[in-house]
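Asks: One predicted model, sequence on top.
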Amino acid sequence: MSKSKSINKELSVAAIKEGTVIDHIPADASFKVAAILKLRKDLNMVSIATNLNSKSLGKKGIVKVSNKNLTEEEVNKIAVVAPNATVNIIKDYKVKEKIKVNLQKVIENVIKCSNPVCITNHESISTIFYVAKQNPLQVKCHYCERVMGKEDIKLIG
Amino acid sequence: MNFKNRDIISIYDFSKEDILYILKTAKKMEKRSNPSLLKNNIMATLFFEPSTRTRLSFIAAMEQLGGKVTGFANSKITSIKKGETLWDTAKMVEQYVDLIVIRHHLEGSARLAAEASSKPVINGGDGSNQHPTQTLLDLYTIQKSKDTLNNLHVGILGDLKYGRTVHSLAIALSHFNPIFYFISPDALKMPRNYIAELREKGIRIYETPNLLSVSKKLDILYVTRIQQERFPDPLEYEKYKGVYRLDSSLTKYVKRDLKIMHPLPRIDEIDKSLDNTPHALYFEQAANGIPVRKALISLVLGKIR
């Protein structure tokens, strides 16, 4: 099966002509990805799918945004919730570029500090987290220095 | 080593060499310091949370070096009451002074103030997080009484969960190959992330609720107060207050040269009967706040190198 055919089959729910398709999102993370990318406020056509069958993940999610090419910086932000996602930039129904998400050492303004007495929960400032460990994910707050595991990570917004 | 304009926010920001340099400078300051070294310099003390030792020793250190002090010890009489943000407060205060010392109950507040201010900021305690000048004076006290910081058997007793001084002290001492004995009730044990961090550095750690099971091994016993103000639930506090009460009977179960430290204030965890024994080091420890803070102020103001 050729690559374009397989993608057509995969995208049959709502194929897009131009834009970005984020694939291989963990099934429980589609809405989180949409939140990180602030898609709720996006005026383009946005599709958020979850619990799709996947050979590699069992169940997976997909997020599609028409007429918008996500930047590498935006893409890397979603690594916190979807470390194995692939981002396909679509032109005329075809994949023009594939970007693998890459967890940055410093994560700005994506994670909300779970420490209620952290200054970031009391003043309007951007949060900054450092990745302390990749697998399993552990992050450390730049301000209160608390280390949080994946289960404590909440997103802004 | 140049500390000019450096902020003193977290012990994590300091290398072993930085720490040793600060202690060396403190020693020089204790021997002899120039009473007009900081003439024409002003320090602000922004104390949003109660303090006796930290604030007074910062003020005394500044004044003994000829500097001036402004600030507040009660934020209720300031514009913070009107809703001014910490960022704005720090931005405004930096226009008036050369150095800011801040204590605040919110964690990360000192880091934020340092980002807002172009003048150096010293953290005088941010909630349960960091109190780096306390840690440096603790190290200074240990070094002074033991002639070394290396390879010591250090017991830390009390509230190891919420106590910021014990977290910073453990991390700072980890540069010097200690053997740690963490003595606390189960519910107030050292947080697991600190244990993991110390173990990763190859530090040996023993945890026990029972002081007497390890007391004979110790060179230093660092006692802390069970801090009522950090407990989310007052009932929990009632359960653990008074769980350790050290008195002169302890002297039978320790090494002759064991030194007992405490960041103070104490409630009832160290009985007065220990005060006149050769083991008591806590009042000297409090006194060491002066040379250490003199050193830090002078270093960040660039008045000594």
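Replies: That came through fine.

Asks: what's the burial count for the residue nearest to residue A:123 when sequence neighbours are not counted?
Replies: Nearest residue to residue A:123 in three dimensions, chain neighbours excluded: residue B:85, at 5.3 Å (CB to CB, 6 or more residues apart in numbering or on different chains). All C-beta atoms are positioned from the backbone trio N, CA, C, and that covers glycine. For residue B:85, the neighbour count with other CB atoms under 10 Å in any protein chain shown is 15.

Asks: burial count for residue B:97?
Replies: Residues near residue B:97, counting by other CB under 10 Å: 21.

Asks: what's the distance between it and chain A?
Replies: Note on residue B:97: its distance to chain A, by CB to the nearest CB, to the nearest Å, is 21 Å.

Asks: can you tell me which residues contact residue 34?
Replies: In the absence of a named chain, chain A is used. The contact partners of residue A:34, by CB atoms under 8 Å, 6 or more residues apart in numbering or on different chains, come to A:40, A:46, A:48, A:63.

Asks: Actually, chain B is the one I wanted.
Replies: Contacts for residue B:34 (CB under 8 Å, 6+ apart) come out as B:65-66.

Asks: any idea which element it lies in?
Replies: Residue B:34 is part of no helix or strand, with elements assigned from DSSP states H and E.

Asks: ok, the closest residue to chain A within the stretch 1-150 of chain B - contacts?
Replies: Using CB to the nearest CB, the closest approach of the stretch 1-150 of chain B to chain A is made by residue B:108 at 2.6 Å. By CB under 8 Å, 6+ apart, the contact list for residue B:108 reads A:118-120, A:141-145, B:126, B:129.

Asks: SS state for residue B:102?
Replies: Here residue B:102 is recorded as strand under DSSP: H, G, I helix; E, B strand; the rest coil.

Asks: burial measure for residue B:304, as a count.
Replies: 18.

Asks: ugh, typo on my part, it should be residue B:128
Replies: Around residue B:128 there are 22 residues (other CB under 10 Å).

Asks: What separation do you get for the nearest residue to residue A:109 once chain neighbours are set aside and chain B?
Replies: Leaving aside its chain neighbours, residue A:109 sits nearest to residue A:126 (4.3 Å; criterion: CB to CB, 6+ apart). Distance, residue A:126 to chain B, using CB to the nearest CB: 11 Å.

Asks: Tell me where the model's unsure across the stretch 1-150 of chain B.
Replies: For the stretch 1-150 of chain B, the stretches flagged by pLDDT under 70 are B:77, B:79.

Asks: Which residues of it lie near chain A?
Replies: B:10, B:12, B:85-87, B:104-109, B:111-112, B:126-130 (CB under 8 Å from any CB of the partner chain).

Asks: Which of those residues fall in strands?
Replies: Of those, the ones assigned to strands by DSSP state E are B:104, B:126.

Asks: show me what contacts the nearest residue to residue A:18 once chain neighbours are set aside?
Replies: Nearest-residue entry for residue A:18: residue A:67, 5.3 Å, with adjacent residues in sequence omitted and distances by CB to CB, 6+ apart. Counting by CB under 8 Å, 6+ apart, residue A:67 makes contact with A:18-19, A:44-45.

Asks: before we move on, back to that, nearest residue to the residue of the stretch 1-150 of chain B closest to chain A other than its sequence neighbours?
Replies: Counting by CB to CB, 6+ apart, the nearest residue to residue B:108 once its immediate chain neighbours are dropped is residue A:143, at 2.6 Å.

Asks: Verify the stated contact: that neighbour with residue B:113.
Replies: No: the pair residue A:143 and residue B:113 does not pass the contact test of CB atoms under 8 Å, sitting 10.7 Å apart.

Asks: residue contacts, residue B:152?
Replies: Per CB under 8 Å, 6+ apart, neighbours of residue B:152: B:142, B:146, B:173, B:176, B:178-179, B:219-220.

Asks: how close does the nearest residue to it once chain neighbours are set aside sit to residue B:179?
Replies: Among residues not flanking residue B:152 along the chain, residue B:219 sits closest, at 4.6 Å (CB to CB, 6+ apart). Separation of residue B:219 from residue B:179 (CB to CB, to the nearest Å): 9 Å.
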